[in-house]
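1. My questions are about this predicted structure, shown below with the sequence.
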Amino acid sequence: MDLTAPFYQAGALGPRSGLFIAVLIGAAFGFFLERAGLGNGRKLASQFYLNDLTVFKVMFTAILTAMLGLFWLGQAGVLDVSLILLSPTYLIPQLVGGLLFGAGFVIGGYCPGTSCVAAASGKLDALAVFGGMMAGILLYGEVYPAIRPFAESTGMGRISFSQLLSVRPGVLVGIVTLLALGGFALAGRIEKSRGGRLVQPE
Amino acid sequence: MTTAAITEVNQPTATTAVQQRRSAAPYMNPYLAGVGLGLVLLIAFITVGHGLGASGAVVSMVGAGLQTVAPAHAANSEFFRPYLGATPGGTLQTWLVLELAGIFIGGFVSAWLAGRVKRGVVGRKLGGSPRWLTAIAGGAVMGFATRLARGCTSGQGLTGGALLNVGSWAFMLALFAGAYLVAGLVRRQWT
């Protein structure tokens, strides 16, 4: 019998085990976020003053690791990557959402996941960010009928760069890997030129 | 020796003495932590066939709250209606809520093991505005934005990033652009 991943889609995993895995995966996710220092708003915000580029390093190392893992497991025939659904693209709303998100991130100091991690370690400002986020989502829900036409504009469906550019996934994986490695080298040089004053636990 | 050690501890204020005894461990190497996060994401793809998220769970929480406070209003809400009911939005929403609870637990365990659990506020007061005001305001703008973007740094950034999803990379580039554009306004809070 050949067992192909994803296990849930292959029927090797029931919904209840899936929910148990949710807690475990969440815990491991929160653990590594806190380990890296991303439960500290000052460290997160320092990314945007170029003093401490931990956010960039952690984020793109994680993306690289998961992307390479998906690619090679797919090549080996162990994982059916086509069963992993992409979330649909709505280009302009997502660009506007990104701009607003970035602004809110540096003003508040945390993104949604890191606000939970920080709140768990006693940061009261992170708890306030989480409360603000709930209010923002409530507001979105209230004005949704009015902004729905915009929110659903420029829909492109479930689309990856490989489909958009008609390029083999391996080529893009290679390009992103090189870009990330270049980014890491640049990040190290920027930090050094700023005196290497990385944010330490408070 | 002993007296010297005691005076050394007693010299500074009481709080520094406590900090010396239970000093917080330094953070992990970012690349090592990044590989750890990436493997967690990969395990999610392999086991349940989808990635990580954070803001999606908050929609369910807000929807449930609205349903408790104003049930008729919630039932009429075009946006929240799909998130209400016995299995709100299907099992994925339940999965996300449990995963968010896990994030909280894992964050606490890591901080506790490293001696970094400490009640307090990060970030300086910005002019006349108290820190809680920028925290709530920033959080609100960000929360609103997650719905336009259909996700946050977890669901779009990490997950969509690894899947080379077009909308996710657009979101991420815009996120960094937005943050760098606005950073100057709140510089004194962080540096």
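-> Structure's in. What do you need?

2. How about the backbone phi and psi for B:Pro26?
-> phi -70, psi 160 (degrees, to the nearest 10).

3. Residue 105: which element?
-> Unless you meant another one, I'm taking chain A. helix A:91-108 (DSSP states H and E).

4. Actually, chain B is the one I wanted.
-> B:Ile105 belongs to helix B:91-113, assigned by DSSP H and E.

5. tell me what that helix is packed against?
-> For helix B:91-113, the elements it packs on are helix A:15-35, helix A:112-120, helix B:55-69, judged by 3 or more Cβ pairs under 8 Å, 6 or more residues apart in numbering or on different chains; DSSP states H and E. No exception for glycine: its C-beta is placed from N, CA and C like everyone else's.

6. immediately after that helix, which helix or strand?
-> helix B:131-149.

7. Quick one: work out the angle between that next one and helix B:55-69.
-> Here helix B:131-149 runs at an angle of 100 degrees relative to helix B:55-69 (axes from the mean of the first three to the mean of the last three Cα atoms, to 10 degrees).

8. hmm, back to that, for the helix holding B:Ile105, buried residues please.
-> B:91-111 (16 or more other Cβ atoms under 10 Å in any protein chain shown).

9. pLDDT on that helix, on average?
-> Confidence for helix B:91-113, expressed as mean pLDDT, is 95.

10. How far does that helix sit from its chain's centre?
-> Centroid separation for helix B:91-113 versus its chain: 11 Å, with Cα atoms, centre = their mean, to the nearest Å.

11. count of residues packed around A:Arg168?
-> 10 (other Cβ atoms under 10 Å in any protein chain shown).

12. who touches it in this structure?
-> Contacts for A:Arg168 (Cβ atoms under 8 Å, 6 or more residues apart in numbering or on different chains) come out as A:Ser162.

13. ok, 6 Å please
-> Going by Cβ atoms under 6 Å, 6 or more residues apart in numbering or on different chains, A:Arg168 touches no other residue.

14. check contacts around the residue positioned nearest the centre of chain B.
-> Nearest to the mean C-alpha position of chain B, by Cα atoms, centre = their mean, lies B:Ala54 at 7.5 Å. Residues in contact with B:Ala54 (Cβ under 6 Å, 6+ apart) are A:Pro112, A:Gly113, B:Cys152, B:Ser154.

15. neighbours of the second one, just the number please.
-> Looking back up the chat, that one is A:Gly113. Neighbours of A:Gly113 using other Cβ under 10 Å come to 30.

16. so where's chain B uncertain?
-> Chain B contains residues with pLDDT under 70 at B:1-22, B:86-90.

17. again, only this time at 80
-> B:1-22, B:85-91 (pLDDT under 80).

18. hmm, which helix or strand of chain A has the shakiest average pLDDT?
-> helix A:15-35 (a mean of 94; mean pLDDT, DSSP states H and E).

19. what about B:Gly65, neighbour count?
-> Here the number of neighbours of B:Gly65 (other Cβ under 10 Å) works out to 14.

20. For chain A, just list every one of the strands.
-> Applying DSSP state E to chain A gives strands spanning A:89-90, A:155-157.

21. Out of those strands, which is the most enclosed?
-> Most buried of those, by mean neighbour count (mean count of other Cβ atoms under 10 Å in any protein chain shown): strand A:89-90, with a mean of 24.

22. And chain B, is that strand touching that?
-> Yes: counting by Cβ under 6 Å from any Cβ of the partner chain, chain B has neighbours in strand A:89-90: A:Thr89.

23. What pairs with that strand, parallel or antiparallel?
-> strand A:155-157 (antiparallel) (DSSP bridges).

24. Could you list every helix and strand in contact with the helix holding A:Phe105?
-> On a contact count with 3 or more Cβ pairs under 6 Å, 6 or more residues apart in numbering or on different chains; DSSP states H and E, helix A:91-108 meets helix B:131-149, helix B:166-183.

25. contact partners of that helix?
-> Taking Cβ under 6 Å, 6+ apart as the rule, helix A:91-108 contacts A:45, A:48, A:111, A:129, A:151, A:153-154, B:134-135, B:138-139, B:141-142, B:145, B:148-149, B:167, B:170-171, B:174-175, B:178-179, B:182-183, B:186.

26. Then stretch A:132-139?
-> Residues from elsewhere that reach stretch A:132-139, judged by Cβ under 6 Å, 6+ apart: B:Val58, B:Val59, B:Val62, B:Ile136, B:Gly139, B:Ala140, B:Met142, B:Gly143, B:Phe144.

27. restrict those to contacts with chain A.
-> Answer for those near chain A (Cβ under 6 Å from any Cβ): B:Val58, B:Val59, B:Val62, B:Ile136, B:Gly139, B:Ala140, B:Met142, B:Gly143, B:Phe144.

28. Distance to A:Lys123 and neighbour count for those residues - can I get that in TSV?
-> Shown next, in TSV, are those (distance: Cβ to Cβ, whole Å; neighbours: other Cβ atoms under 10 Å in any protein chain shown):
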residue	distance to A:Lys123	neighbour count
B:Val58	17	26
B:Val59	23	26
B:Val62	21	24
B:Ile136	14	22
B:Gly139	13	32
B:Ala140	18	24
B:Met142	16	33
B:Gly143	18	31
B:Phe144	22	25
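
29. which two in those residues are spaced the farthest apart?
-> Spatial extent of those (Cβ to Cβ) is set by the pair B:Val59 and B:Ile136 at 18.3 Å.
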